[in-house]
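# sequence plus the predicted model coming up.
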Amino acid sequence: MASPLSELTSMPDPKRIYAADGTRLATYTWGEIDLPVVVIVHGFASNARDNWVLTGWVRKLTRAGYRVLGIDQRGHGLSDKPHEAEAYAIRTLATDIETVMDQYLVEEAFYVGYSLGARVGWEVVRDLPHRIDRAVLGGVPDGIPLERLDLDEVRAFIEDGVPVKDSATLNYIALTQRVPGNDLRSLLALAEGMRRSRTVDPDPSTAPTRPILFATGAKDGVIEGSRALADAAPDGRFFEIPDRHHFNAPGSRAFKDAALAFLAEAAS
């Protein structure tokens, strides 16, 4: 008998962990404590439930015999939402993942990230090769983070209600408003914090050395950048998610199946 929808989409109570700067991070776990761990990290303007529970990833991973550790990244979900750009440097976002692993006493794990979570994952896998055995990075482009977002238009919209004209920026705002509880000011600060250095991130010249599956939708505008990152990674491979664009790729069964097969290779 199929499980009721409420059981498939329910969330455990969050455990809040303090990051180094005092920001509280909401975290969640599924599965038995002695199973191999998969850390899952969501995308921009999403959260653990939206990105991983509603799309079936947590159910699929736990049924495959993994313990799942989910995180609402700072500025998202039930985590704190600072309004200061300096709270969202890429190094800070990556250190948050390490802090959560430390607090849960997880020495080794697999990593699965999408969009922003994949950008953060590139950093985490590069910095912690002894702790991340392999990773799945979905929908990750190269270039300057969130470069297409017009920060001035977003700021004017928040402060004075000035209509946004830039189409890409309108799409980002619509994405933000899609998920209940999102705070546009904190997501503006995140974009400012990640773009402040004006440097390319991820940087292909410093690609992680661990095995990585890069997966991007066939209809996603970032697909060529994702391929380039896969080519740059010494142990990278690429999976094209059929018939998907950036925003609906996480729900793809083909994506989930490819990721699970890739993670299972570690045991073979």
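Cool, got the structure. For clarity, every value in this text was computed on a predicted model and none was experimentally measured.
# contacts and neighbour counts: CA atoms only from here.
Noted.
# how about low-confidence regions in the stretch 151-268 of the chain?
197-200 (pLDDT under 70).
# run a quick neighbour tally on E159.
10 (other C-alpha atoms under 10 Å).
# L105 now?
By the measure other C-alpha under 10 Å, the count of residues near L105 is 9.
# now it, what's its secondary structure?
Applying DSSP: H, G, I helix; E, B strand; the rest coil to L105 yields a three-state assignment of coil.
# and for D142, nearest residue in space, chain neighbours not counted?
Here the nearest residue to D142 in space, its sequence neighbours aside, is G225; by C-alpha to C-alpha, 6 or more residues apart in numbering that works out to 5.1 Å.
# mind telling me what element the one you found is part of?
helix 223-232 (DSSP states H and E).
# residue ranges for the strands of the stretch 101-250 of the chain, please.
Secondary structure of the stretch 101-250 of the chain by DSSP state E, counting those that start in this stretch: the strands cover 109-114, 132-138, 212-217, 236-241.
# average pLDDT across the longest one?
Think strand 132-138. Mean per-residue pLDDT for strand 132-138: 98.
# now do stretch 53-65
On average, stretch 53-65 scores 97.
# give the buried residues for that stretch.
Neighbour counts using 16 or more other C-alpha atoms under 10 Å place V53, L54, T55, G56, W57, V58, R59, K60, L61, T62 of stretch 53-65 among the buried residues.
# put the alpha carbons of that stretch into CSV.
Included here for stretch 53-65 are C-alpha records, laid out as CSV according to Å, rounded to 0.1, in the frame of the first residue of the first chain:
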residue,chain,number,x,y,z
VAL,A,53,11.7,15.8,0.6
LEU,A,54,9.0,16.9,-1.7
THR,A,55,11.0,15.6,-4.7
GLY,A,56,11.4,12.1,-3.2
TRP,A,57,15.2,12.3,-2.7
VAL,A,58,15.1,11.6,1.1
ARG,A,59,12.7,8.6,0.6
LYS,A,60,14.9,7.2,-2.2
LEU,A,61,18.1,7.6,-0.2
THR,A,62,16.8,6.1,3.0
ARG,A,63,15.3,3.1,1.1
ALA,A,64,18.7,2.6,-0.4
GLY,A,65,20.3,2.2,3.0
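# so which residues make contact with that stretch?
For stretch 53-65, contacts defined as C-alpha atoms under 8 Å, 6 or more residues apart in numbering pick out 8-10, 30-31, 35-36, 52, 67-68, 250-251, 256, 260.
# can you select the buried ones from those in PyMOL?
In PyMOL, a selection of the buried entries from the contacts of stretch 53-65 looks like this (16+ other C-alpha under 10 Å):
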select buried, resi 9+30+31+52+67+68+250+251+256+260
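# please flag which of the contacts of stretch 53-65 sit within strands.
If you go by DSSP state E, the contacts of stretch 53-65 have W30, R67, V68 in strands.
# dump the residues you listed into JSON lines; add distance to P129 as well.
Shown next, in JSON lines, are the ones in strands among the contacts of stretch 53-65 (distance: C-alpha to C-alpha, whole Å):
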{"residue": "W30", "distance to P129": "24"}
{"residue": "R67", "distance to P129": "20"}
{"residue": "V68", "distance to P129": "19"}
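# buried ones in stretch 180-195, by neighbour count?
Quick answer for stretch 180-195 (16+ other C-alpha under 10 Å): 182-195.
# tell me the one of these nearest V125?
Using C-alpha to C-alpha, M194 is the member of the buried residues of stretch 180-195 that lies nearest V125, at 18.3 Å.
# correct me, but the closest one touches T92?
No. Judged on C-alpha atoms under 8 Å, M194 makes no contact with T92 at a distance of 10.0 Å.
# tell me who's in contact with the most centrally placed residue in the chain.
What sits nearest the mean C-alpha location of the chain, by C-alpha atoms, centre = their mean, is G117, with 1.9 Å. Contacts were defined as C-alpha under 8 Å, 6+ apart; by that measure G117 touches V41, H42, G43, F44, L137.
# fine, thanks again, bye for now.
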